[in-house]
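Engineer: Return a 3D structure for these sequence lines:
(2 chains, ligands or ions: 2)
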Amino acid sequence: MACGTGICMTCVIPVVGGDGITRMVRSCVDGPVFRGEQVRFDDVGSIPFDALGAPGWKGAAGRGVEQDRDIA
Amino acid sequence: MGGLELPNPVVTAAGCAGAGRELAQFFDIASLGAVTTKSVMLEPHAGRPAPRMAETPSGMLSTTGMQGPGLDVLLQRDLPWLLSRGGRAIVSLAGAGVAEFGELAHRLSEAEGIGAIEVNLSCPDPESAAGRTFADDPARAGEVVGTVRSRAGAQLPVLAKLAGDVPDIVESATACSEAGADGLSMINTLRGMVVDTRTLRPAVAGGLGGLSGPAVRPIAVGCVHRVHEALPEVPIIGMGGVRTGEDVLEFMAAGASAVGVGTVNFSDPSAGARVLREFTEALEERGFARAADLVGAAHRTGPRG
Ligand SMILES: Cc1cc2nc3c(=O)[nH]c(=O)nc-3n(C[C@H](O)[C@H](O)[C@H](O)COP(=O)(O)O)c2cc1C
Ligand code: FES
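Structural biologist: Ligands and ions are numbered 1, 2, ... in the order given. The predicted structure follows:
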């Protein structure tokens, strides 16, 4: 965690949003408290294949979607 | 700045200020010369696994892997927000190939209110078997810049962001300038590694990271000086390890017309406003009426006047 204000993107963890999409969210400002069942603890430290913007993410499905949690 | 008018020379460095929203909690983002936004790709990008950063002597090593929400979110959410606050935007682009750079430039030219676009040449070149970036090969860098210049609207200034860890920065600068860049930004982070001596593995995912912060400043100032000497007509945004107003003075004396604040934002979120204030005071102390008079001062010979 380099900045603690949401600008450096070094503190990200995979969290499932209300829409079922996993995003790499900033633990400093999108957290630091998350709903435990939405955090993909086993995938912390990796990018889940199906996370938004990861290789397995279905581009067309989520394209242009406004995120419910802000990812800069 | 090559067709880009800024009220003052202090801007944020790409990837070190988001799109200004987070830093706006700490100071008026419109007071800066411009906000350079995090390099954007066409589609959302999840970036690299963690750990993404390690501390180094007087600097940091980082690798975020271009994480971002993609162009649509920038255009629909981040850019309108920045402009609504009176901020000026330099939009940094990152492409997975020459064609993506061109498409980004084209789409951004249709948007309103963008001051300039900055081409992040430190993106891996998919056509390089050796894992090089576009910045590593002046010819490829020129190809990207030429494509962006031809697909961007004629009114939109194009800045080429150069890497400092290349054999000949003047060759890179010349290639980009000849390909149509209106200005140059330098330097990006320097490739480096930290090995965790407990695990005996690289400290950041993927091994290599980008070194930034005060540790790189003399290298950056040297790059600016060399390029300004070779291409005195080409405006430069200098960056790398700026922490104070004095550092801005240093970059401008070496030949920069504007200066980017990057890593310092992480430890001091109001650094942009502070650096600008310190720079303005330092300029007055030295008797300069205009910041522009300082540009290239370190190249002049004879007694200082
Ligand atoms: C966490 C981080 C993210 C960065 N992201 C980008 C980026 O998206 N695009 C880019 O052109 N440069 C990026 N940079 C490089 C900076 O813009 C700047 O060129 C470099 O860090 C040197 O300046 P500094 O020492 O003041 O940070 C990034 C640097 C850091 C530390
Ligand atoms: S610590 Fe920098 S974005 Fe969270």
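Engineer: where along the chain do the helices fall?
Structural biologist: As the question left the chain open, I've gone with chain A. For chain A, the helices identified by DSSP state H occupy A:59-62, in order along the chain.
Engineer: hm, I was asking about chain B
Structural biologist: In order along the chain, chain B carries the following helices (DSSP H): B:71-73, B:79-84, B:98-110, B:138-151, B:169-178, B:217-230, B:245-254, B:264-267, B:271-285.
Engineer: and residue 6, backbone torsions?
Structural biologist: Looking at chain A here, since you left the chain open. The phi and psi torsions at A:Gly6 (degrees, to the nearest 10) take the values phi 100, psi 10.
Engineer: how close does it sit to chain B?
Structural biologist: Per CB to the nearest CB, to the nearest Å, A:Gly6 is found 4 Å from chain B. Glycine gets a C-beta too; all of them are placed from N, C-alpha and C.
Engineer: With A:Glu37 instead?
Structural biologist: Plainly put, A:Glu37 is 21 Å away from chain B if you go by CB to the nearest CB.
Engineer: What is the burial count for that residue?
Structural biologist: For A:Glu37, the count of nearby residues is 8 (other CB atoms under 10 Å in any protein chain shown).
Engineer: Next up, the contacts around A:Gly4.
Structural biologist: By CB atoms under 8 Å, 6 or more residues apart in numbering or on different chains, the contact list for A:Gly4 reads A:28-29.
Engineer: I misspoke; the intended subject was B:Thr263.
Structural biologist: So, once contact is read as CB under 8 Å, 6+ apart, B:Thr263 ends up touching B:13, B:16, B:59-60, B:212-213, B:241.
Engineer: again, only this time at 10 Å
Structural biologist: Applying CB atoms under 10 Å, 6 or more residues apart in numbering or on different chains, one finds that B:Thr263 lies in contact with A:2-3, A:8, B:13, B:15-16, B:59-60, B:62, B:189, B:211-216, B:239-243, B:271.
Engineer: and if you look at B:Ile187?
Structural biologist: By CB under 10 Å, 6+ apart, the neighbours of B:Ile187 are B:13, B:122, B:135, B:161-166, B:169, B:212, B:216-217, B:219-224, B:238-241, B:260.
Engineer: now B:Val40
Structural biologist: For B:Val40, the contacting residues are B:14, B:19, B:66, B:68-75, B:78-79, B:91-95, B:104, B:107-108, B:117, B:120, by CB under 10 Å, 6+ apart.
Engineer: Please list which of the residues you listed are also close to ligand 2.
Structural biologist: Contacts with ligand 2 within the contacts of B:Val40, as defined by CB under 6 Å from any ligand atom: none are present.
Engineer: ChimeraX command for the buried members of those residues?
Structural biologist: In ChimeraX, a selection of the buried entries from these looks like this (16 or more other CB atoms under 10 Å in any protein chain shown):
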select /B:14,19,66,68,69,70,71,72,73,74,75,78,79,91,92,93,94,95,104,107,108,117,120
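Engineer: Distance of A:Cys3 relative to B:Ile237?
Structural biologist: 22 Å (CB to CB, to the nearest Å).
Engineer: Please say which of these two ends up with more neighbours.
Structural biologist: When neighbours are counted by other CB under 10 Å, B:Ile237 comes out ahead of the other of A:Cys3 and B:Ile237, with 30 against 25.
Engineer: quick one, what contacts the nearest residue to B:Lys161 once chain neighbours are set aside?
Structural biologist: Distances taken as CB to CB, 6 or more residues apart in numbering or on different chains place B:Ser185 nearest to B:Lys161, at 4.3 Å, with adjacent residues excluded. Shown in contact with B:Ser185 (CB under 10 Å, 6+ apart): B:1, B:11, B:13-14, B:36, B:90, B:92, B:116, B:118-121, B:159-162, B:235-239, B:256, B:258, B:260.
Engineer: filter these to the buried ones?
Structural biologist: Of the members of the contacts of B:Ser185, the ones counted as buried by neighbours, 16+ other CB under 10 Å, are B:1, B:11, B:13-14, B:36, B:90, B:92, B:116, B:118-121, B:159-162, B:235-239, B:256, B:258, B:260.
Engineer: Count residues in the vicinity of whatever residue of chain B ends up closest to ligand 1, would you?
Structural biologist: For chain B, the residue closest to ligand 1 is B:Gly15, as judged by CB to the nearest ligand atom, at 1.8 Å. For B:Gly15, the number of neighbouring residues by other CB under 10 Å comes to 28.
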